[in-house]
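Undergrad: Coordinates for the following, if possible.
(one chain, ligands or ions: 3)
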Amino acid sequence: MESTLGLEIIEVVEQAAIASARWMGKGEKNIADQVAVEAMRERMNKIHMRGRIVIGEGERDDAPMLYIGEEVGICTQPNATDFCNPDELLEIDIAVDPCEGTNLVAYGQNGSMAVLAISEKGGLFAAPDFYMKKLAAPAQAKGKVDINKSATENLKILGECLDRGIDELVVVVMKRDRHNDLIKEIRDAGARVKLIADGDVGAAISCAFSGTNTHALMGIGAAPEGVISAAAMRCLGGHFQGQLIYDPAVVKTGLIGESKEANIARLNEMGITDIDKVYDAHELASGETVLFAATGITPGELMEGVRFFHGGMRTQSLVISSQSKTARFVDTIHMVDQPKALQLH
Ligand SMILES: O=C(COP(=O)(O)O)[C@@H](O)[C@H](O)[C@H](O)[C@H](O)COP(=O)(O)O
Ligand SMILES: [Mn+2]
Ligand SMILES: [Mn+2]
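TA: Numbering: from 1, shown residues only. Ligands and ions are numbered 1, 2, ... in the order given. Here you go, the predicted structure:
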């Protein structure tokens with residue numbers, strides 16, 4: 001699956017990030033999102049692959065592009081056998097978030113990215129448009145911290161695994177009312193909290209890299225983003241667990257469904273009967289081969305944002321492959337017109 005796809009998907013996330021970055025700081029989150037979706041879809045449809053979107057734009061709002069179930073790639077065409085080789089004809093599943101952190105882009109804040117994950121058919125958990133309680137941590141703590149334990153217990157374990165005092169740990173938490181008790185508990189335990197407005201995919205993956213000063217992600221974010229984070233964490237060997245949250249009273253932002261009962265019924269209809277199951281990274285991204293790609297839109301812990309200059313732009317991306325066991329940071333200069341100068345760094 002991987003050979004040329006790994007290279008082509010870099011351009012997919014690069015193009016989405018560049019399109020969105022043009023709207024950075026303009027206060028237009030919907031446009032920043034829409035242009036990323038269009039650019040991602042356009043580039044994706046030029047790839048020799050037979051893809052199907054399993055996590056995409058707006059499960060419930062009839063999104064016109066990159067919606068769940070949409071087929072993407074040249075090899076989805078009826079006469080594909082005429083121009084696609086057998087490898088390219090293998091069905092693959094794709095999870096996308098063309099603009100992860102739309103508010104961050106609209107308000108010029110750090111941490112947004114264009115991101116996707118790919119696996120063979122059935123290799124990514126088709127998460128419903130629900131919330132997910134998440135716990136991410138570095139590889140040293142994999143299988144030792146546990147989402148069922150309290151934050152206090154996990155911080156103690158994390159400190160031991162990382163050979164750090166609890167006061168030397170930084171936990172990323174999304175700034176939401178639902179996290180007020182969690183934030184207090186982390187601070188009372190002695191650790192430091194980095195509050196983010198949005199963008200928990202980047203925060204989760206940052207845990208896998210030392211040097212980011214991010215030692216854990218705790219709290220409740222969106223479930224689709226949980227699967228994308230898990231895909232990267234699975235390849236990187238980091239710890240990731242997720243548990244679906246279906247009770248609007250827990251989430252507090254009120255964006256999921258009408259009632260807890262209706263949400264449980266919806267999960268059951270989707271075939272999810274063990275509604276409180278804790279999924280680990282290998283269950284959320286279970287495919288034999290998993291690919292992940294992201295490009296920074298605004299600057300973040302992992303990647304620079306898109307930088308525009310006369311005649312072009314520069315992007316930084318991260319491409320991770322379970323097959324080649326690589327995490328590549330790709331720095332690209334895009335020459336649109338003839339730039340007057342190309343800066344080395
Ligand atoms: O920041 C996020 C928003 O993603 P997007 O809509 O693609 O810009 C995600 O990182 C979060 O995981 C999540 O969507 C967020 O936690 C939703 O929670 P809330 O704002 O409380 O409804
Ligand atoms: Mn998102
Ligand atoms: Mn998004």
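
Undergrad: Within range of ligand 3, give me the residues from the stretch 1-150 of the chain.
TA: With Cβ under 5 Å from the ion as the criterion, the stretch 1-150 of the chain meets ligand 3 at residues 97, 99. Where you see a C-beta, it was placed from the backbone N, CA and C, and this is true even at glycine.

Undergrad: repeat that for 6 Å
TA: Within reach of ligand 3 by Cβ under 6 Å from the ion, the stretch 1-150 of the chain has these residues: 33, 97, 99-100, 102.

Undergrad: Residue 313 should be in a strand, yeah?
TA: Yes: under DSSP: H, G, I helix; E, B strand; the rest coil, residue 313 sits within a strand.

Undergrad: can you pull the contacts of the closest residue to it other than its chain neighbours?
TA: Leaving aside its chain neighbours, residue 313 sits nearest to residue 334 (5.0 Å; criterion: Cβ to Cβ, 6 or more residues apart in numbering). Going by Cβ atoms under 8 Å, 6 or more residues apart in numbering, residue 334 touches 14, 18, 312-315.

Undergrad: follow-up on the earlier one: so which of the residues of the stretch 1-150 of the chain next to ligand 3 wins on neighbours?
TA: With neighbours defined as other Cβ atoms under 10 Å, the most crowded of those is residue 99; it has 33 neighbours.

Undergrad: Which of the helices or strands spans it?
TA: Residue 99 belongs to strand 91-100 when assigned by DSSP states H and E.

Undergrad: that older thread, now pLDDT and distance to residue 214 too, for the residues of the stretch 1-150 of the chain next to ligand 3, in JSON lines please.
TA: Below are those laid out as JSON lines (pLDDT from 0 to 100; distance: Cβ to Cβ, whole Å):
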{"residue": "33", "pLDDT": "97", "distance to residue 214": "25"}
{"residue": "97", "pLDDT": "97", "distance to residue 214": "19"}
{"residue": "99", "pLDDT": "98", "distance to residue 214": "22"}
{"residue": "100", "pLDDT": "98", "distance to residue 214": "16"}
{"residue": "102", "pLDDT": "97", "distance to residue 214": "22"}
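
Undergrad: got JSON lines for those residues, with distance to residue 300 too?
TA: Below are these laid out as JSON lines (distance: Cβ to Cβ, whole Å):
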{"residue": "33", "distance to residue 300": "17"}
{"residue": "97", "distance to residue 300": "14"}
{"residue": "99", "distance to residue 300": "13"}
{"residue": "100", "distance to residue 300": "10"}
{"residue": "102", "distance to residue 300": "15"}
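
Undergrad: between those, which is nearest ligand 1?
TA: residue 102 (3.7 Å; Cβ to the nearest ligand atom).

Undergrad: ok, now how distant is that closest one from residue 268?
TA: Residue 102 sits 31 Å away from residue 268, taking Cβ to Cβ, to the nearest Å as the criterion.

Undergrad: for residue 107, same thing?
TA: Counting by Cβ to Cβ, the gap from residue 107 to residue 268 is 38 Å.

Undergrad: got the contact list for residue 219?
TA: 133-134, 173-174, 176, 178-179, 182, 200.

Undergrad: just the buried members of these?
TA: 133-134, 173-174, 176, 178-179, 182, 200 (16 or more other Cβ atoms under 10 Å).

Undergrad: restrict those residues to those near ligand 1?
TA: Counting by Cβ under 6 Å from any ligand atom, 174, 176, 200 from the buried ones among the contacts of residue 219 sit close to ligand 1.

Undergrad: Just the closest of those residues to ligand 2, please.
TA: residue 200 (8.2 Å; Cβ to the ion).

Undergrad: Give the burial count for the residue nearest to the closest one when sequence neighbours are not counted, as a bare number.
TA: Excluding the flanking residues, the one nearest residue 200 by Cβ to Cβ, 6+ apart is residue 221, at 4.0 Å. Neighbour count for residue 221, taken as other Cβ under 10 Å: 25.

Undergrad: next one: residue 51
TA: 24.

Undergrad: go on, residue 289?
TA: Number of residues near residue 289 (other Cβ under 10 Å) recorded here: 17.

Undergrad: Flag every residue of the stretch 151-300 of the chain that's near ligand 1.
TA: 174, 176, 198-201, 221-222, 225, 253, 255.

Undergrad: quick check, nearest of these to residue 261?
TA: The closest of those to residue 261 turns out to be residue 255 (Cβ to Cβ; 17.3 Å).

Undergrad: Figure out the helix or strand that the residue of the stretch 151-300 of the chain found nearest ligand 2 lives in.
TA: Nearest to ligand 2, among the residues of the stretch 151-300 of the chain, is residue 225, at 4.9 Å (Cβ to the ion). Here residue 225 sits within helix 223-236, counting by DSSP H and E.

Undergrad: Please apply the same query to residue 334.
TA: Residue 334 belongs to strand 326-335, assigned by DSSP H and E.

Undergrad: Please state the mean pLDDT value computed over that strand.
TA: Average pLDDT, strand 326-335: 98.
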